[in-house]
Structure formats: structure tokens, C-alpha cells
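*Asks:* Sharing a model that was predicted from the sequence below.
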Amino acid sequence: MSVALQGQPLVEVKNLRHLYGKPSDGELLVLDQVNLALGENEIVGLLGRSGSGKSTLLRSIAGLITPTGGEIDFAKNPDGSGPVAVSMVFQSFALFPWLTVQQNVELGLEAKHVPAETRRKRALAAIDLIGLDGFENAYPKELSGGMRQRVGLARALVVDPDILLMDEPFSALDVLTAETLRTDLLDLWCEGRMQIRSILIVTHNIEEAVLMCDRILVFSSNPGRIISEVRVDLPQPRNRQDPRFRILVDDIYTRMTQRTAGDEARRSDGLFPGVGIGMLLPEISTNALAGLMEAVAAEPFGGKADLPELAAALHYEADELFGVAETLQLMRFAEVEGGDIRLSAAARRYVEADTDARKQLFAQHLLAYVPLAAYIRRELDNDADHELPAARIREELEEMMSPGYAEQTIRAVVAWARYAEAFAYDEGAGLFTLENPS
């Protein structure tokens, strides 16, 4: 799908694709045929489920990743100074703990060989702009999470970028801190107090996207593609209780849960919604899975619920609810489509069962529908000592995903297997074993 604008875009992405892994070990296609254009004076959101390649796209635009294929073209500045400049704010604060706030903010200018006195003046102005005046000499350990992210924002702004790239900048913060920082950023943008010309932000929070963005590009997963564009014409500041706001949120829920032909193909292979043992697994607790099944089974839902209504009833952020709902779908305890979640017959049996029966049913679904769990159990069954080094699984996963995602996936499968007593894990020895199962 091509997303274009009238006039010359600041940056244009053409037919971008990216694969992780090596051809000899099997590659994972994370982005495929992505086309987008970022215009002047707009905030554009990249919205999708975890693992849909949004951050990979952002890092490709930032020049931190070389994509496998496609082009990224930047507009030229009218003054002839070269292509437009980009700067990035990361999800993790990425501050150097041994440097003060001012020194952290000056880093980008120092890399550009800006004279010391000019660096100091520009850094102090950026620190003042983002509301940290007085903390210039503080160290990151002395700051709260929200203040550290403000330092990251100042560091990005001090180099006077034309385009500000933001990779889930509020997701590591508590709800109230995130809301405050989000509002302050929008105020700076709407008041024209930042020199940046456009913002491209990655998020998996639907309400955050509708609150901030002029356009939202919705991504599919496995591989990541732009499947839809949503224009947000509501004036700033936006009100979550505005009926027009709620209609947009409901519409995006529906778009993000719409089943595609690719989904059906993967279902027929028994691998929905991922790609074999290389499927990225979310760290969703079994308590959260059980709690959502119980909530949907109870009144007033009676086994089927509208996702926005369910999120409001359970006080869930949209992205949190998606993670739990999609994990239930992966294990065939639920169907998620068209903005609704519907429990399967197995989920209804689970809700009505006692503790031991619940564990047995969960184990059956874990080994049947989570390929990595089935693979580990099969290897344990076939080994004479019923042991499997975690390092081997980690190496195999890192051929298909980043080391961080590999660790997350291992933690997820370990937690689910322990609950189900499908297999055990000795963290000290780094071994999967059959200690628990009969």
C-alpha cells in the first residue's frame, strides 16, 4: 500500500523490506513493500502490534539499520545545506550514567564538532525548553523516569533536526508521567516552540496515536506492511471522551483485528499468528490470561466482548489488552476479529474447571499451538537425560530475532511451561528439564 502526500515530502520510503537472520539458517521477513511519505508540519504515527516491524522501519529512516531492500529518500533543504536532518528519541532513555544532564544533551553537538561555548548555550536552551532548568548538573540516577526521558528529548532537539523520530517514547513511563510528558510535547509542537518540521512516532497504544497524530499508519504483522491509513481531523487539544475520538479508536481496533488472507494461510499451517519457533512471544502472565477469560465469560459479556468496552471495564490500556487477547488467540482460547473478542469452547471449559484441570488444559494448548514450547518439549522427550541447554535455544532464536526479543521469548515460554508443568527450567544451570512433568 502506498501512502503519499501532495507536495514534496520531507522523507519518502519506497518498497522497503527487511529480513533478519542468515539465508543458511532461515530468514525472517519483518518488513515487506513498505511505502510512506512524511510531509511538512505533521505528526504521523506508526501503529501496530508488537513485532510488526515499526521500530525497524524507524531505525532504517534514522540510518541505524541498513534495510535489505528499497529506498529512503530525503528532501533537500532550500538553503542548499544538504538533505533534511533527523534525530531520534528512544524507548529506553539511553543516557550515559557518568555524564550530567547538560553533558548528555551536548553529546550530539560534540559529535558535530560544535565549539564548546556554543554547545553550552544550545544545551541550556534545550534543557530549559523541555522543563528541566535547574537540573543541568544532575546525573541520570538522580532523575525520575519522566525526567530522564525529557533529557533524551532535549538531546534530540538540540541538534535542530527537521524530523523528530520517536520510538515508543512514553511506554517505559507510568501512566500519569507519560500523560504529562505527552501533553507537554504537544504543547511545544502546537505553539511552534520547536524548530522541527515533522514528527514520526512509533506506538502500539491506539489512544496515544489518536491523541497525538494527524495521520496514523496501521501495520500488519508477519511481515510488517501498511494496511491502512487513518486521518485524524480533530483539533488539539483532544478529549478522550469526545464521541468522535471514541469512534476513531473503535475504528482502529476493528482495522487492527481484521483477519487477512495471510492469517488464514498461517492458521491452516497451525502457526497462526507467527512463524514457527521464531515467533516472538509476549511476556503475558498466566494470571492475566486467566483473568481475561474469566472477565469475558462473566456478565455482562457472556463470552463475547467489544474490545474498547472491555478495556474501559478492566481499566486496561489498549496495548495491554491487545497483548493478552492475542496470546489467548494464539493458544486458541479466543478469537479476536473486527474489534471483538470471543471465547472458544476450550476457554469456557477452562473458566469452569478447577486448578488441576486448568493446568492440564493449558498444557495441551501450549504444546499444540506454541511452536517453541512444542519444540522444547519434543527435544526433552528425545534426549536420554531429558535436558536441553537454554543456550542452544537462545542461539537458534537469535538467528531469527534480536537478542533482546530472544530473551523475552524464552522468559515467556518458561513462565507458561512452569504454570502448565509442561517442562521445567533451571536458570542457574541454564537447562530445560523434564523435572516437573510425569
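*Replies:* The structure has been received and is ready for your questions.
*Asks:* Count the neighbours of the closest residue in space to residue 239 that isn't next to it in sequence for me.
*Replies:* Of all residues not flanking residue 239 in the chain, residue 245 sits nearest, at 6.3 Å (Cβ to Cβ, 6 or more residues apart in numbering). Where C-beta positions appear, they are placed from N, C-alpha and C, glycine not excepted. Neighbourhood size, residue 245 [other Cβ atoms under 10 Å]: 17.
*Asks:* Quick check: buried residues in the helix or strand hosting residue 245?
*Replies:* If you go by DSSP states H and E, residue 245 is part of helix 243-256. Within helix 243-256, the residues scored as buried using 16 or more other Cβ atoms under 10 Å are 245-246, 248-256.
*Asks:* ditto for stretch 131-147
*Replies:* 131-132, 135-136, 139-140, 143, 146-147.
*Asks:* Which pLDDT does the model give residue 226?
*Replies:* Per-residue confidence (pLDDT) for residue 226: 89.
*Asks:* which phi and psi does the residue sitting furthest away from the middle of the chain have?
*Replies:* What lies farthest from the middle of the chain is residue 384; by Cα atoms, centre = their mean that is 40.1 Å. In terms of degrees, to the nearest 10, the main-chain angles of residue 384 are phi -60, psi -40.
*Asks:* roughly how far apart are it and residue 434?
*Replies:* 11 Å (Cβ to Cβ, to the nearest Å).
*Asks:* same check, this time on residue 276
*Replies:* If you go by Cβ to Cβ, the gap between residue 276 and residue 434 works out to 23 Å.
*Asks:* The residue nearest to residue 239 touches residue 238, doesn't it?
*Replies:* Yes - judged on Cβ atoms under 8 Å, residue 245 makes contact with residue 238 at a distance of 6.0 Å.
*Asks:* Check the secondary structure at residue 199 for me.
*Replies:* In three-state terms, and counting by DSSP: H, G, I helix; E, B strand; the rest coil, residue 199 is strand.
*Asks:* give me the beta-bridge partners of it?
*Replies:* residue 43, residue 164 (DSSP bridges).
*Asks:* for it, what are its contacts?
*Replies:* 42-44, 163-166, 189 (Cβ atoms under 8 Å, 6 or more residues apart in numbering).
*Asks:* Show me the strands in the stretch 1-150 of the chain, by range?
*Replies:* Along the stretch 1-150 of the chain, counting by DSSP state E, counting those that start in this stretch, strands occupy 11-20, 28-38, 43-47, 69-74, 86-89.
*Asks:* right, so those: which one is the most enclosed?
*Replies:* Stretch with highest mean neighbour count among those: strand 43-47 (a mean of 25; mean count of other Cβ atoms under 10 Å).
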